[in-house]
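S.K.: structure here, sequence nowhere to be found:
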């Protein structure tokens, strides 16, 4: 039986559509994250240094993970900032896994 508090959201990354399960209150964040991922992957593809969807996705994931670690480090011991970053990280991970 499907969880009524989760719906399916369509996202588009590098001209490919993906269906992602997401609680309604997090849909805006997911759409924003997928848009950011799409922009980042397009930038990597335009550079011409990385070829292939999987390699582009891995490079984008590495860049975003590095930026997340830097932001967590800069946030110090702020629990609220850490929770927000963890939530963003989870959404990015979910979007990247959808690419596989």
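M.R.: Arrived safely. On a predicted model such as this, the values are computed, not experimentally measured, just so you know.
S.K.: give me the below-cutoff pLDDT ranges for the chain.
M.R.: The model of the chain has pLDDT under 70 over residues 1-4, 76-84, 99-100.
S.K.: show me the helices in it, by range?
M.R.: Along the chain, the segments classed as helices by DSSP state H run 27-47, 53-75, 79-98.
S.K.: could I get the ones you listed as CSV with mean neighbour count?
M.R.: Every residue, glycine included, has its C-beta placed from N, CA and C. Shown next, in CSV, are the helices of the chain (neighbours: other Cβ atoms under 10 Å):
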stretch, mean neighbour count
helix 27-47, 16
helix 53-75, 15
helix 79-98, 15
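S.K.: any chance of the ones you listed in JSON lines, plus distance to residue 19?
M.R.: Output for the helices of the chain, formatted as JSON lines (distance: least, Cβ to Cβ, whole Å):
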{"stretch": "helix 27-47", "distance to residue 19": "12"}
{"stretch": "helix 53-75", "distance to residue 19": "17"}
{"stretch": "helix 79-98", "distance to residue 19": "8"}
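S.K.: indicate which one of the ones you listed is closest to residue 11.
M.R.: helix 27-47 (3.9 Å; Cβ to Cβ).
S.K.: elements contacting that closest one?
M.R.: Judged by 3 or more Cβ pairs under 8 Å, 6 or more residues apart in numbering; DSSP states H and E, helix 27-47 is in contact with strand 7-13, strand 16-22, helix 53-75, helix 79-98.
S.K.: distance between the third one and the chain's centre?
M.R.: Right, the one you point to is helix 53-75. 10 Å (Cα atoms, centre = their mean, to the nearest Å).
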